[in-house]
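In: model the following, please.
(2 chains)
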Amino acid sequence: DVKVTQSSRYLVKRTGEKVFLECVQDMDHENMFWYRQDPGLGLRLIYFSYDVKMKEKGDIPEGYSVSREKKERFSLILESASTNQTSMYLCASSFRDSILNQPQHFGDGTRLSIL
Amino acid sequence: DQQVKQNSPSLSVQEGRISILNCDYTNSMFDYFLWYKKYPAEGPTFLISISSIKDKNEDGRFTVFLNKSAKHLSLHIVPSQPGDSAVYFCAASHTILTGGGNKLTFGTGTQLKVEL
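Out: Numbers count the residues shown, from 1 in each chain, chains lettered A, B, ... in the order given. Predicted structure coming up:
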């Protein structure tokens, strides 16, 4: 079974802090993704990565950055946390295949509260 | 601009009956569609998918129908069970344009409640 592990289930930080959310997958997937889930808005893509050291902006990248130094690990960074970044953060991974469609597999999420 | 829409925030069905969840999309370039199920405090789990070259895909109690001309897909669950109570998200991607990157666009979700 695919295992996507997010380092924290719950996190509380203060406004202005630099926050790191970590995600590790064990299936040698090329693609990794960070989403946030908010009530009534569904899942919105923040950043994604097709390969080590590669990153691309998703739909709502403002206030976030990412790092992918190793294939299995994808980190989301809140440069200066603000209260509107309080949310559920979800990491996902998938194989990269331009012929056969591959579903994304998700971690259990990190519920982040910014006070 | 919501490219994938789930217009029903909630749905309540009796155990044993059919659940039908609906999803509409606006981007005609989408060629791959998925349904995910999400329980509280867990990540979404992949349920079933369909390529745009098909109009139906079935997996046990779950069937997804795709109507390309109407830009509409639906998920049928028969028979519905209490354990199916969850939030269901539909998602879409344009695989060729993303070169296998599988960037997904999600709907806002429908909360399904299956009652005894």
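In: please report how far the spatially most central residue of chain A lies from chain B.
Out: The residue lying closest to the centre of chain A (CA atoms, centre = their mean) is A:Trp34, at 2.4 Å. A:Trp34 sits 12 Å away from chain B, going by CB to the nearest CB, to the nearest Å. Heads up, the C-betas are built off the backbone N, CA and C, glycines and all.
In: spit out the contact partners of that residue.
Out: A:21, A:23, A:45-48, A:58, A:64, A:66, A:74, A:76, A:89-91 (CB atoms under 8 Å, 6 or more residues apart in numbering or on different chains).
In: could I get the residues you listed as a markdown table with secondary structure, distance to B:Phe106 and pLDDT?
Out: Listed next are these as a markdown table, based on DSSP: H, G, I helix; E, B strand; the rest coil; distance: CB to CB, whole Å; pLDDT from 0 to 100:
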| residue | secondary structure | distance to B:Phe106 | pLDDT |
| --- | --- | --- | --- |
| A:Leu21 | strand | 19 | 97 |
| A:Cys23 | strand | 18 | 97 |
| A:Leu45 | strand | 8 | 94 |
| A:Ile46 | strand | 13 | 96 |
| A:Tyr47 | strand | 15 | 95 |
| A:Phe48 | strand | 13 | 92 |
| A:Gly58 | coil | 11 | 91 |
| A:Tyr64 | strand | 18 | 97 |
| A:Val66 | strand | 19 | 97 |
| A:Phe74 | strand | 19 | 97 |
| A:Leu76 | strand | 17 | 98 |
| A:Tyr89 | strand | 14 | 97 |
| A:Leu90 | strand | 10 | 97 |
| A:Cys91 | strand | 15 | 97 |
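In: near chain B, which of these show up?
Out: The overlap between the contacts of A:Trp34 and the neighbours of chain B (CB under 8 Å from any CB of the partner chain) comes to A:Leu45, A:Phe48, A:Gly58, A:Leu90.
In: and which of these is nearest B:Phe30?
Out: Closest approach to B:Phe30 among the ones next to chain B among the contacts of A:Trp34 (CB to CB): A:Leu45, at 14.7 Å.
In: number of residues surrounding that closest one?
Out: For A:Leu45, the count of nearby residues is 20 (other CB atoms under 10 Å in any protein chain shown).
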